[in-house]
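Visitor: 3D, please:
(chains A and B)
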Amino acid sequence: AQSVTQPDIHITVSEGASLELRCNYSYGATPYLFWYVQSPGQGLQLLLKYFSGDTLVQGIKGFEAEFKRSQSSFNLRKPSVHWSDAAEYFCAVYSGAGSYQLTFGKGTKLSVIP
Amino acid sequence: NAGVTQTPKFQVLKTGQSMTLQCAQDMNHEYMSWYRQDPGMGLRLIHYSVGAGITDQGEVPNGYNVSRSTTEDFPLRLLSAAPSQTSVYFCASRRGLSYEQYFGPGTRLTVT
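Guide: Alright, predicted model coming up:
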């Protein structure tokens, strides 16, 4: 079965600093990868997704992520964090075409210092 | 489009009570799912459906029941609520080939 690891439970950055949130997955073939964001008390919003092709994908709100097959990673990045980016971020994976189950990591909470 | 809607937003139950969490989508999506979210655990799949009349278990199905009589609706039933079912419940839907799930706003359930 596939699994997703987000090693950092909580990250604090200063506003304007760069951000990288780590995600590692466990699956043999090419997975379908996602990053979601959840603001306090809200539902989940899709930031970006990777199925195939260019390994650097752009998402909403200035986020991007890079798929690295050799490292089984799909890290989320943003060059300059805004206070409104404070939220919880989830990495998720389908185990390829035809899969029904989206497996989530445990999440990384981002705090932003003004 | 309203997207994915869930009712109620909040609910408090006593141990042993039963209730149904409602979920509806107006996007004509084939697939619908129920997740629970607990602190430090991420989201875990309870049950899912790939079409009307077809349901299957996810990672944590015990204590929950689902049915899907229409494309639009996918209710989640708690048969006999337990404190361990205190959680936030999310319903989601997607088209079969898109793999992009749309989530509802969630239902916060407390079982005392």
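
Visitor: Remind me which helix or strand the residue most central in space within chain A belongs to.
Guide: Nearest to the mean C-alpha position of chain A, by Cα atoms, centre = their mean, lies A:Trp35 at 3.6 Å. Assigned by DSSP states H and E, A:Trp35 belongs to strand A:32-38.

Visitor: Pull the contacting residues for the residue nearest to the centre of chain A.
Guide: A:21, A:23, A:46-49, A:59, A:63, A:65, A:74, A:76, A:89-92 (Cβ atoms under 8 Å, 6 or more residues apart in numbering or on different chains). For glycine as for every other residue, the C-beta is placed from the backbone atoms N, C-alpha and C.

Visitor: And B:Tyr31, how far from A:Ala17?
Guide: Using Cβ to Cβ, to the nearest Å, B:Tyr31 is found at 39 Å from A:Ala17.

Visitor: Neighbour count: the two, which is higher?
Guide: B:Tyr31 (22 against 13; other Cβ atoms under 10 Å in any protein chain shown).

Visitor: Give me the nearest residue to the more buried one, chain neighbours excluded.
Guide: Distance criterion Cβ to Cβ, 6 or more residues apart in numbering or on different chains; nearest residue to B:Tyr31, sequence neighbours excluded, is B:Arg94 at 4.9 Å.

Visitor: I figured that neighbour hits B:Val50, correct?
Guide: No. The criterion here is Cβ atoms under 8 Å, and B:Arg94 misses it with B:Val50 at 10.3 Å.

Visitor: Tell me the residues that contact both of those two, please.
Guide: Joint contacts of B:Arg94 and B:Val50 (Cβ under 8 Å, 6+ apart) are B:30-31.

Visitor: Of these two, which one has the most company?
Guide: Between B:Arg94 and B:Val50, counted using other Cβ under 10 Å, B:Arg94 has the larger neighbour count: 21 against 15.

Visitor: which residues sit in contact with that one?
Guide: So B:Arg94 contacts B:29-31, B:100-102 (Cβ under 8 Å, 6+ apart).

Visitor: repeat for B:Thr110
Guide: Contacts for B:Thr110 (Cβ under 8 Å, 6+ apart) come out as B:11-13, B:86.

Visitor: Could you do B:Leu78 as well?
Guide: Neighbour list for B:Leu78: B:13, B:18-21, B:63-64, B:85, B:109 [criterion: Cβ under 8 Å, 6+ apart].
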